[in-house]
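Novice: Fold the following and give me the result.
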Amino acid sequence: MAVPHLSCPYCNAILTEIEPLAGAGRILCPQCGETFPLPKGMSLQEGIVSPDSPRTDGENHGRSTGPKLSNRTIALSLLALMGLVAIVFLGFALQTQDIRRQHDTSLPKSQSITIPIGVAAACNVYIVALIFAIVRPQNRPGPMRMTILLAGITAVVFTLGLLRVHIRQSSDPNAAEEILAPPVVRHLRPIELSALSYMPIDTNLIVGVHVAELMETPSGQEFLTGSGSLWNGQQLQNWTGLDLPDIRYMVAGLKVDNNLLPRLVLVIETVRTFEVAKIQASLRAGKWPDPEAVRFFSDHTLVLSLNRKDLQAIPSKVTGDANHLSPRLRNALKERIAPGSQVWAAGHAENWDNTLAAVYLGSLPQEHREILNKIQTIAIGIRVDERPIVQASFQCSDEPAAKAFLAFLLQQYPHETKDWKIHQKETWVSFQANASELSFVMNKMKIPNSGP
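Specialist: Modelled structure (predicted):
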């Protein structure tokens, strides 16, 4: 009867020499170093094959011809090598961290990544199956328990890693959005600008200039920097140290009352980040009325005032909207200024005769003064092109006052032009004209003209 031969279930080597483990009922494979139990119905005596017995080619091929390293030894060696490589690269990364940070100032900020739960579960199943395939603990109670423990720990660590990726936030202080503000958004109504949230609650006149848009066209640049311009760009640069191309927009809020000097809150939003120390030094060197009357809400937003006391009127909680302003002023900003206006102004007062406007109103004839004094809300938008267009709306105290103001404007109407449009609806009177026509009307009404 032929002697049965055994094959190792781990490396498939044909065993012609069996080395039993004393008292264990198991066999040690000389090829891979793994142990396994005897097959059922086979005794140690019948599984022993003499070294002189003839062997087939398959048997000779599967027999160990020299000392072999066990799988466990090889695996531990690989793990040790991987750990050594990881330590070396970690040390290199720590040593070069400062150098690498100098090159990633323009990279986008890291975003949190959401791993679908199905993908996470599939990855865990794959890892556990891979561990069982490598260790192969079949018919081995001790290794089976160890394999289950190892697979469980690995699954927990991997799951925690996925959660860490999910909630990860960037620790890079040089993230791209902190370097550049959001791109210029055109055709926004003034009510949509976050600068309005810094305006004190009793502000009654707001003026805005979209500097970035104006700097894109020659006519806009002329408006900002030309001789006789309403906005002195050079003076603003002397005060703040900011060049006009660095400014996204400016919004000035005033409380116009019977005081000689209105309270001013000026919000400047920049395109690029600025240096706080540089602006503070420029305010001192440029002789700003109070160099300490400045607050920096971000590295893109600064708020100036003529004195530190006026800054106390800024809302303690900045919400990013204009809901705290008076309803009439909000309505003018939202409904009465056309999108795309690069220069705009809105104001409201129940009686402008109780403000500094009384100085101008007092210089007018009595009949004109009575008409203009009934205007309560104004909204003006200017689009600076080759032929600047001015759109203005005025809300009067009642409809008869609006009709009287319409008749007053029609008296100033330059009939020889075609771009002048004027109409009245309920308490509102609106008109549109180009800048030259507006200058003609303003001169006729004896209003100082310092515009384009």
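
Novice: The closest residue to residue 239 other than its chain neighbours: what's it in contact with?
Specialist: In space, and not counting its chain neighbours, residue 239 is closest to residue 286: 4.2 Å by C-beta to C-beta, 6 or more residues apart in numbering. For the C-beta atoms, the positions are set from N, CA and C on the backbone; glycine is no exception. Residues in contact with residue 286 (C-beta atoms under 8 Å, 6 or more residues apart in numbering) are 238-241.

Novice: Residue 199: what's it in contact with?
Specialist: Residue 199 neighbours (C-beta under 8 Å, 6+ apart): 206, 251, 253, 265, 267, 314, 322, 324-325.

Novice: Which parts of the stretch 101-250 of the chain are helices?
Specialist: Ranges of helices within the stretch 101-250 of the chain are 117-135, 141-167, 211-214, 218-225, 233-240, based on DSSP state H, counting those that start in this stretch.

Novice: Flag whichever of the ones you listed has the least confidence on average.
Specialist: Ranked on mean pLDDT, the bottom entry among the helices of the stretch 101-250 of the chain is helix 141-167, at a mean of 66.

Novice: What about residue 88, how many residues nearby?
Specialist: 10 (other C-beta atoms under 10 Å).

Novice: I meant residue 426, not that one.
Specialist: 10.

Novice: I'd say it and residue 399 touch.
Specialist: Yes - counting by C-beta atoms under 8 Å, residue 399 is a contact partner of residue 426 at 5.8 Å.

Novice: just to revisit the earlier point, from the contacts of residue 286, which is closest to residue 303?
Specialist: residue 240 (11.6 Å; C-beta to C-beta).

Novice: Top of the contacts of residue 199 by number of neighbours, please.
Specialist: residue 253 leads the contacts of residue 199 on contacts (other C-beta under 10 Å) with 28 neighbours.

Novice: Write down the beta-bridge partners of it, one by one.
Specialist: Beta-bridge partners recorded for residue 253 (DSSP bridges): residue 206, residue 265.

Novice: check contacts around it.
Specialist: With C-beta under 8 Å, 6+ apart, residue 253 has these contacts: 196, 198-200, 203, 205-206, 264-267.

Novice: Specify which member of the residues you listed is nearest to residue 258.
Specialist: Among these, and counting by C-beta to C-beta, the member closest to residue 258 is residue 205, at 13.9 Å.

Novice: if we look at the host helix or strand of residue 74, which residues are touching it?
Specialist: Counting by DSSP states H and E, the element that carries residue 74 is helix 71-95. With C-beta under 8 Å, 6+ apart as the test, helix 71-95 has contacts from 10, 32-34, 134.

Novice: how about the helices of the stretch 301-450 of the chain, start to end?
Specialist: Going by DSSP H, counting those that start in this stretch, the stretch 301-450 of the chain shows helices at 308-311, 327-335, 357-361, 366-372, 399-412, 435-444.

Novice: Can I get those in TSV including distance to residue 154?
Specialist: Below are the helices of the stretch 301-450 of the chain laid out as TSV (distance: least, C-beta to C-beta, whole Å):
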stretch	distance to residue 154
helix 308-311	58
helix 327-335	58
helix 357-361	77
helix 366-372	81
helix 399-412	78
helix 435-444	74
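
Novice: can you tell which of those helices is closest to residue 245?
Specialist: Smallest distance to residue 245 across the helices of the stretch 301-450 of the chain (C-beta to C-beta): 24.0 Å, for helix 435-444.

Novice: pLDDT below threshold where in the chain?
Specialist: For the chain, the stretches flagged by pLDDT under 70 are 1-5, 16-25, 40-72, 100-117, 131-147, 158, 160-187, 226-233, 413-419, 435-452.

Novice: per-domain residue ranges of it.
Specialist: 104-178, 187-324, 349-452 (automatic domain parsing).
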